[in-house]
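Q: kindly generate the corresponding structure for this input.
(chains A and B)
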Amino acid sequence: MSQRTEVRRAIEVERQAIDVRQAIGVVVSNDWVNDRYKHMTVCVPGLAQVSQPGQFFHLLCGVASAGPLLRRPMSVYKMDPLRNEIHFLYHVKGEGTQLLAQRQGGDPLDLVGPLGQGFTLNSRWHRVLVVARGVGMATLAPLVAVARRREMAVDVILSARTPRDILGAREFAAMGAHVFPVTDEDGSSDLATLQSRVEALVDQGQTDALFTCGSARLTRMLRDVAIRRGLPGQVAVEEHMACGIGMCQGCTRVFRRDGKDVHLRVCQEGPVFPLEEVVYP
Amino acid sequence: MTGADLSVQIGNLILNNPVMPASGTFSEPLAEFIHLNDLGALVTKSITLDVREGNSSPRLAETPAGLLNAIGIPSKGVQKFIAETLPFYAALTVPLIPSISADTGDDFARLASILEKQSVVRGLEVNISCPNLEDDGKSFAMDAEQTYRVIRKVRQATSLPVWAKLSPNTQSVVEVALAAQTAGADAVVVANTLLAMAIDVETRRPKLGNVTGGLSGPAIKPIILRMVYQVAKAVSIPIIGVGGIRSAQDALEYLMAGATAIQVGTYNFVNPRGMVDVIAGMQDYLQRHGCSSVREIIGAALSPLTGAEEKQKTAG
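A: Modelled structure (predicted):
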């Protein structure tokens, strides 16, 4: 086989494996779940089947020439292959998410994805610990679902400002996860308190791996715990993006990989990274 | 009905159509979304001799109708580019135009002579205009003499087509374009991003890690269009227009201002199929207006005597 054919075949194989698409979905519903977060369901054939926990879609929040120029990356909250639906849970915060919040059932939504490297679950693991801060739980939700389907024990610490901001407690409990809500309001989400809690869970429960999303402070703490206890861990990193597909080099952050500090693209090498690679300036 | 002829000629290079990606806004993942062979040419992210990590984050800031970036030309170095990246393009028929960047004229020439030996390379875009590297955003293309000096060295180092990527951050883009032409450039690419900045009022700090960066996107289109128009009146070599294009209409404006081809940049980030849409829209326009070739509209907005005729002369 010529080098040319080989290269072409390699491209073809990679294309099939990644299965990224630009598609126009239809909004099924877009409802408030509390006073800050909305839950959007989008019907788009074929994409729920190929999406992995931790991956994201790049959403065009405005329409045509109105609204912000760039897309907004949004991690998958739930995949429903039977209904061809992708779910997003998002904090209505800036210009992009405010426009997204105005979408109603039947409206079109231009999306690119699924994108990036998702979480990996080792089949040898029996128990995993998931620590979510705020809307970070949306990124971790499909991971909890898959881990439970594979009959792993899952401990979930949900951290938020107030009890009203705690999302997913019932949903995770219904999946059979052990849920521990903590809040800033009663001080239970304080870093030192949380660290003792994490260490206690790790000590008593034979935790095989740690997962987190939503807070730089929590990520640092969990990285240190993971390194001390010799546990593997993964974090889903959030970053502003332009292209989302690995071209612009705009979303890079410094990670420690193979003993060197290197810029890695959150959209392409991430958004899920090994905890031990995390470096914050 | 057969379509209009979209092919254009830049130096001795014939492109199937006048649409290509702007340097830094395109790389291999776009093959997931479009057939790269449908484009007129492919221009890569700038390559340097050695490995560069690029700027510290944040590297991006969105502005109204624009994008501010200070990426800083991260590069795997030319040897790795040849070993790892070029084989991907060898499988394509569309002409590959690597963009090259260096701190000195000699290093530009060295890069040119290294890349010339690669058969897949069909031309070079000489990035003398990146505003994000160092020295408060200064670049060779701010100055006509520096531009002449660097382009001359590259011209002497290679027989490949040489495209000079110009900067809008200069007193006179026309003088710089003329200097590039005199130095032997086959085309001028007008232009790079506009030096700009943004500040976060909560933290009271610049939004970009590099403080200043380059502004791209629809916000800059009227400015760069004016520059293309002015340069078109002065030079006889082809112009490649680039700045804020996100529709066939934008692209047509550039062609009518005197550009022979155009590059789509920031819009690739918004719509991965954007360049293909621009080509289709261009074809549609030409058919609606009964044009048999895209070349009929190049320079249409320039005054007939100094513009269109002269353009036709150089195209022929």
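
Q: mind splitting chain A into its structural domains?
A: Under the assignment automatic domain parsing, the domains of chain A span A:3-115, A:127-277.

Q: the chain: helices as residue ranges?
A: Looking at chain A here, since you left the chain open. A:3-18, A:95-101, A:136-149, A:169-174, A:191-205, A:216-229 (DSSP state H).

Q: oops, I was thinking of chain B
A: Counting by DSSP H, the helices of chain B are B:78-80, B:86-90, B:105-116, B:144-157, B:173-182, B:221-234, B:248-256, B:267-270, B:274-288, B:308-315.

Q: Provide the contact partners of the third one at residue level.
A: This means helix B:105-116. In this structure, residues lying in contact with helix B:105-116 by CB atoms under 8 Å, 6 or more residues apart in numbering or on different chains are B:47-49, B:78, B:82, B:98, B:100, B:102, B:121, B:124, B:126, B:128, B:149-150, B:152-154, B:156-160, B:162. Placement of C-beta: from N, CA and C, glycine included.

Q: in PyMOL, select just the buried ones from those.
A: In PyMOL syntax, the buried subset of these is picked out as below (16 or more other CB atoms under 10 Å in any protein chain shown):
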select buried, chain B and resi 47+48+49+78+82+98+100+102+121+124+126+128+149+150+152+153+154+157+158+160+162
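
Q: now for the nearest residue to A:Gln22 once chain neighbours are set aside: which residues touch it?
A: The shortest distance from A:Gln22 to any residue other than its chain neighbours is 4.8 Å, reached at A:Val112 (CB to CB, 6 or more residues apart in numbering or on different chains). By CB under 8 Å, 6+ apart, A:Val112 lies in contact with A:20-23, A:57-58, A:71, A:244-245, B:272.

Q: of the residues you listed, closest to B:Gly66?
A: B:Gly66 lies nearest to A:Arg71 out of these, by CB to CB, at 15.0 Å.

Q: so who does the nearest residue to the closest one once chain neighbours are set aside touch?
A: With sequence-adjacent residues excluded and distances taken as CB to CB, 6+ apart, A:Arg71 is closest to A:His58, at 4.2 Å. A:His58 makes contact with A:71-74, A:111-113, A:115, A:241, A:244-245, according to CB under 8 Å, 6+ apart.

Q: let's see it at 7 Å
A: A:71, A:73, A:111-113, A:115, A:244 (CB atoms under 7 Å, 6 or more residues apart in numbering or on different chains).

Q: adding pLDDT, write those residues out as a markdown table.
A: Converted to a markdown table, the contacts of A:His58 look like this (pLDDT from 0 to 100):
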| residue | pLDDT |
| --- | --- |
| A:Arg71 | 96 |
| A:Pro73 | 97 |
| A:Leu111 | 96 |
| A:Val112 | 96 |
| A:Gly113 | 96 |
| A:Leu115 | 97 |
| A:Gly244 | 97 |
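
Q: top of those by neighbour count?
A: A:Gly244 (30 neighbours; other CB atoms under 10 Å in any protein chain shown).

Q: give the rounded mean pLDDT of the longest strand along chain A.
A: Identified as the longest strand of chain A according to DSSP state E is strand A:21-32. Rounded to a whole number, the mean pLDDT of strand A:21-32 is 95.

Q: any idea how far the closest residue to chain A within the stretch 101-250 of chain B lies from B:Gly40?
A: The stretch 101-250 of chain B approaches chain A most closely through B:Gly217 (5.6 Å), counting by CB to the nearest CB. Look at B:Gly217 and B:Gly40: by CB to CB, to the nearest Å, they are 21 Å apart.

Q: quick revisit: for the residue of the stretch 101-250 of chain B closest to chain A, which non-adjacent residue is spatially closest?
A: Excluding the flanking residues, the one nearest B:Gly217 by CB to CB, 6+ apart is B:Gly66, at 3.9 Å.

Q: next one: B:Leu96
A: B:Tyr89 (4.6 Å).

Q: who are the contact partners of that neighbour?
A: B:42, B:96, B:120.

Q: and the stretch 51-200 of chain B, which residues reach chain A?
A: B:53-54, B:57-60, B:62, B:65-67, B:69, B:71, B:74, B:87-88, B:90-91 (CB under 7 Å from any CB of the partner chain).

Q: which outside residues touch stretch B:250-259?
A: Contacts for stretch B:250-259 (CB under 7 Å, 6+ apart): B:18-19, B:221, B:225, B:228-229, B:232, B:239-241, B:244-245, B:262, B:278, B:282, B:285, B:294, B:297-302, B:307, B:311.

Q: list the buried ones in that stretch?
A: B:250-259.

Q: so which pair among these is furthest apart in space?
A: B:Asp250 and B:Gly258 (14.8 Å).

Q: for the stretch 51-200 of chain A, what are the low-confidence residue spans?
A: A:64-65 (pLDDT under 70).

Q: hmm, 50 instead?
A: Of all residues in the stretch 51-200 of chain A, none has pLDDT under 50.

Q: again, but for the stretch 201-316 of chain B
A: Applying pLDDT under 50 to the stretch 201-316 of chain B flags residues B:316.

Q: show me what from it comes close to chain A.
A: B:217, B:268-270, B:272-273.

Q: any idea which of those residues is closest to chain A?
A: Closest to chain A, out of all of those and judged by CB to the nearest CB, is B:Phe269, at 3.9 Å.

Q: tell me how many other residues crowd that closest one.
A: 26.

Q: so how far is A:Ser75 from the nearest residue to it once chain neighbours are set aside?
A: Computed as CB to CB, 6+ apart, the closest residue to B:Phe269 that is not its neighbour in sequence is A:Cys243, at 3.9 Å. A:Cys243 sits at a distance of 17 Å from A:Ser75 (criterion: CB to CB).

Q: can you check B:Ala300 too?
A: In terms of CB to CB, B:Ala300 sits 48 Å off from A:Ser75.

Q: before we move on, what about A:Val44?
A: On the measure of CB to CB, A:Val44 and A:Ser75 end up 16 Å apart.

Q: neighbour count winner among those two?
A: Taking other CB under 10 Å, A:Val44 and A:Ser75 do not tie; A:Ser75 has more neighbours (30 against 19).

Q: need the contact list for that one.
A: Counting by CB under 7 Å, 6+ apart, the residues that A:Ser75 touches are A:54, A:56, A:138-139, A:236.

Q: at 10 Å what do you get?
A: A:51, A:53-57, A:88-90, A:113-116, A:118, A:135-136, A:138-142, A:213, A:236, A:238, A:271-272 (CB atoms under 10 Å, 6 or more residues apart in numbering or on different chains).

Q: can you narrow the residues you listed down to the ones near chain B?
A: A:Leu115 (CB under 10 Å from any CB of the partner chain).

Q: any of the contacts of A:Ser75 buried? List them.
A: Among the contacts of A:Ser75, those buried by neighbour count (16+ other CB under 10 Å) are A:51, A:53-57, A:88-90, A:113-116, A:118, A:135-136, A:138-142, A:213, A:236, A:238, A:271-272.

Q: please flag which of those residues sit within strands.
A: Filtering the buried ones among the contacts of A:Ser75 for strands - DSSP E - leaves A:56-57, A:88-90, A:113-115, A:213, A:236, A:272.

Q: what's the neighbour count on B:Lys165?
A: With other CB under 10 Å as criterion, B:Lys165 counts 30.

Q: and A:Val50, by the same measure?
A: 16.

Q: if I look at it, how far off is chain B?
A: 13 Å (CB to the nearest CB, to the nearest Å).

Q: can I assume that residue is in contact with A:Arg21?
A: Yes - under the criterion of CB atoms under 10 Å, A:Val50 makes contact with A:Arg21 at 8.6 Å.
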